[in-house]
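**Q** I need the structure of the sequence given here:
(one chain, ligands or ions: 1)
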Amino acid sequence: MPNTPTRTAIITGAGRGIGAAIVRRLVQDGMSVAVLDLDEATGNKTAAEITAEGGRAIFAKVDVTDPEQVKAVVAQVAEEVGPPTVLVNSAGIIRDNLLFKMTEDDWDLVMSVHLRGAFLMTRAVQSHMVEQKWGRIVNLSSTSALGNRGQANYATAKAGLQGFTKTLAFELGQFGITANTIAPGFIVSDMTAATAERIGVSFEELQKGAAAQIPVRRVGYPEDIAHAVSFFASEAASFVSGQVLYVAGGPKN
Ligand code: NAP
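**A** Next up is the predicted model:
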């Protein structure tokens, strides 16, 4: 195998949950990482755990919906860690409600974090990838992209990310850049814990009910998603682009 340079990966929403598991996995894969999150406490903790174990990580606070912050943070990562050539857009929020109760703010906020956030981050990072003639973009969609009761805003945003990713694959392929989407099913995280609270069941009950509906009869964990990201971000995955991988313990259609 020819020697490959150490890659710098940016992961958004990386303080906790799926994003934090992706950080840990990409460090195991030999990458340097930039942990980006709104929340300083969790973001600093995730980055500190990596550096304590001898990995290379920085934390930077950013709101992915703010173009000036996004521009500044990408420049900071390039300067302090190296040109970012792996980008994982994992920052996300939910504001679930049935359509007749959904507010304009519920709609706008969800669109903004998922779609505007992924757009701004990708636009800011792509110049580094083009310059290096190598890049890996992984966007986090969801099985909810296929429709999910109470999630008109989230389902729309997650379906939009699939179209966004395919378009990136068309535009950026000629520069050695791939773009792929991972659509997780039920993953144990603060996000699904919040769903349990909203619908008034215990988190254990929610997980048990979800597992019964999943062909492999278990719920997913952040590491399941990190494993798939690791594949898309790898050197060897250069001929895989524009795909949507459902990581949901069974098929989705
Ligand atoms: P999570 O535990 O709620 O973590 C999301 C992270 O994103 C949080 O650290 C949050 O920061 C951060 N974030 C939110 N808005 C942000 C913004 N404007 N700028 C920067 N960071 C921001 O969620 P998760 O379960 O790990 O989900 C990760 C991704 O997978 C999301 O895109 C989600 O939609 C998707 N997904 C999750 C599941 C699941 O079952 N969990 C299933 C399918 C898809 P704060 O701490 O400040 O809120």
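**Q** alpha carbons only for contacts and neighbour counts from here, please
**A** OK.
**Q** now the phi/psi pair for the spatially closest residue to Gly82 that is not a sequence neighbour, please.
**A** Nearest residue to Gly82 in three dimensions, chain neighbours excluded: Thr8, at 6.0 Å (CA to CA, 6 or more residues apart in numbering). Backbone geometry at Thr8, expressed as degrees, to the nearest 10, gives phi -100, psi 120.
**Q** again, but for Ala57
**A** phi -150, psi 140.
**Q** cool, Val77 as well?
**A** Main-chain torsions, Val77, degrees, to the nearest 10: phi -60, psi -40.
**Q** how close does it sit to Ala152?
**A** Shown here: Val77 relative to Ala152, a distance of 35 Å by CA to CA, to the nearest Å.
**Q** so where's the longest helix in this protein?
**A** Identified as the longest helix of the chain according to DSSP state H is helix 152-172.
**Q** tell me if I'm right that Gly30 and Pro5 touch.
**A** No. Using CA atoms under 8 Å, Gly30 is not in contact with Pro5, being 9.6 Å away.
**Q** neighbour count for these two, which is higher?
**A** Gly30 (14 against 8; other CA atoms under 10 Å).
**Q** do you know how far that one is from Thr122?
**A** From Gly30 to Thr122 the distance is 22 Å (CA to CA).
**Q** tell me where the stretch 101-250 of the chain has helices.
**A** Applying DSSP state H, counting those that start in this stretch to the stretch 101-250 of the chain gives helices spanning 104-111, 117-132, 152-172, 190-199, 203-213, 222-233.
**Q** number of nearby residues for Arg205?
**A** Slight slip there: residue 205 is Glu, not Arg. Residues lying near Glu205 (other CA under 10 Å) number 11.
**Q** list the contacts of the residue nearest to Gly82.
**A** By CA atoms under 8 Å, 6 or more residues apart in numbering, the contact list for Thr8 reads Met31, Ser32, Val33, Ala34, Val81, Gly82, Pro83, Pro84, Thr85, Val86.
**Q** mind redoing it with 10 Å?
**A** Thr8 makes contact with 26-27, 30-34, 56-57, 77-78, 81-87 under the criterion CA atoms under 10 Å, 6 or more residues apart in numbering.
**Q** hang on, the earlier thing: any bit of the longest helix of the chain sitting next to the ligand?
**A** No. In terms of CA under 6 Å from any ligand atom, no part of helix 152-172 sits within range of the ligand; the closest distance is 7.6 Å.
**Q** can you name every helix or strand that that helix contacts?
**A** helix 104-111, helix 117-132, strand 135-140, strand 177-184, strand 244-247 (3 or more CA pairs under 10 Å, 6 or more residues apart in numbering; DSSP states H and E).
**Q** among the ones you listed, which is nearest the ligand?
**A** strand 177-184 (4.2 Å; CA to the nearest ligand atom).
**Q** adjacent strands (with direction) for that closest one?
**A** As defined by DSSP bridges, the strand partners of strand 177-184 come to strand 135-140 (parallel), strand 244-247 (parallel).
**Q** could you tell me which residues of the stretch 51-200 of the chain lie near the ligand?
**A** Remark: the part of the stretch 51-200 of the chain in contact with the ligand comprises 62-65, 90-93, 113, 140-142, 184-192, using CA under 6 Å from any ligand atom.
**Q** average model confidence for stretch 93-101?
**A** Averaging pLDDT along stretch 93-101 gives 97.
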